[in-house]
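Peer 1: Have a look at this fold, sequence not included:
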């Protein structure tokens with residue numbers, strides 16, 4: 001058997017769960033135009049978020065959360081082409097934060113009005129946050145829905161939200177987001 005046939009056979013026998021699937025790698029992009037900011041201004045709030053790519057190749061999400069006018073959150077979102085998640089157990093985000101809590105958000109369909117979420121704490125140092133896909137809870141406007149945790153076959157969007165029920169400045173640097 002030649003070397004090419006052996007390599008193909010080995011690839012076919014290996015589960016894709018052993019390989020990471022990049023959802024977004026900021027160092028390989030030259031912009032963050034795929035991302036958009038959604039603040040509480042959509043409901044009259046006064047929070048203000050911004051998102052840009054720094055010279056080190058990290059996505060930088062920063063701003064201020066205000067509780068004025070019943071506000072209290074800022075978020076970033078990225079719509080993805082449908083990505084199959086079969087064989088993957090975790091979503092991993094590489095971040096450096098400001099010692100605050102954030103929420104990772106995942107959409108399974110463009111047509112769903114709700115998202116699947118998990119809180120994480122972003123230390124003021126680079127870290128990899130591993131979130132089990134089946135631990136992501138369905139939520140709509142901050143409320144837990146009476147639906148099962150994430151058990152879908154695909155992802156159509158990702159995002160991060162800050163909303164700790166306090167007025168605060170925030171900054172979160174992101175290297176990459178991937179499945180493993």
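Peer 2: Sure, I can see it. The shown structure was predicted, so the numbers you read here are calculated from the model rather than taken from an experiment.
Peer 1: Could you give the separation between the terminal residues of stretch 139-153?
Peer 2: Its start and end residues considered, stretch 139-153 measures 18 Å (Cα to Cα, to the nearest Å).
Peer 1: buried stuff in it?
Peer 2: When neighbours are counted by 16 or more other Cβ atoms under 10 Å, the buried residues of stretch 139-153 are found to be 139, 150, 152. All C-beta atoms are positioned from the backbone trio N, CA, C, and that covers glycine.
Peer 1: Of these, which is the nearest to residue 92?
Peer 2: Closest approach to residue 92 among these (Cβ to Cβ): residue 150, at 14.9 Å.
Peer 1: okay, now residue 109: neighbour count?
Peer 2: Neighbourhood size, residue 109 [other Cβ atoms under 10 Å]: 13.
Peer 1: Reduced to three states, what does it come out as?
Peer 2: For residue 109, the assignment made with DSSP: H, G, I helix; E, B strand; the rest coil gives coil.
Peer 1: List the single closest residue to it in space, sequence neighbours excluded.
Peer 2: Residue nearest to residue 109 in three dimensions, not counting chain neighbours: residue 156, with 5.6 Å by Cβ to Cβ, 6 or more residues apart in numbering.
Peer 1: which residues of the chain score low on pLDDT?
Peer 2: Scanning the chain with the threshold set as pLDDT under 70 gives 1-18.
Peer 1: what ranges do the helices span in it?
Peer 2: Ranges of helices within the chain are 3-13, based on DSSP state H.
Peer 1: dump the residue contacts of residue 96.
Peer 2: By Cβ atoms under 8 Å, 6 or more residues apart in numbering, residue 96 lies in contact with 58, 122, 123, 124, 125, 126, 127, 172, 173.
Peer 1: Which two of those have the greatest separation?
Peer 2: Of all pairs drawn from these, the greatest distance, 15.3 Å, lies between 58 and 123 (Cβ to Cβ).
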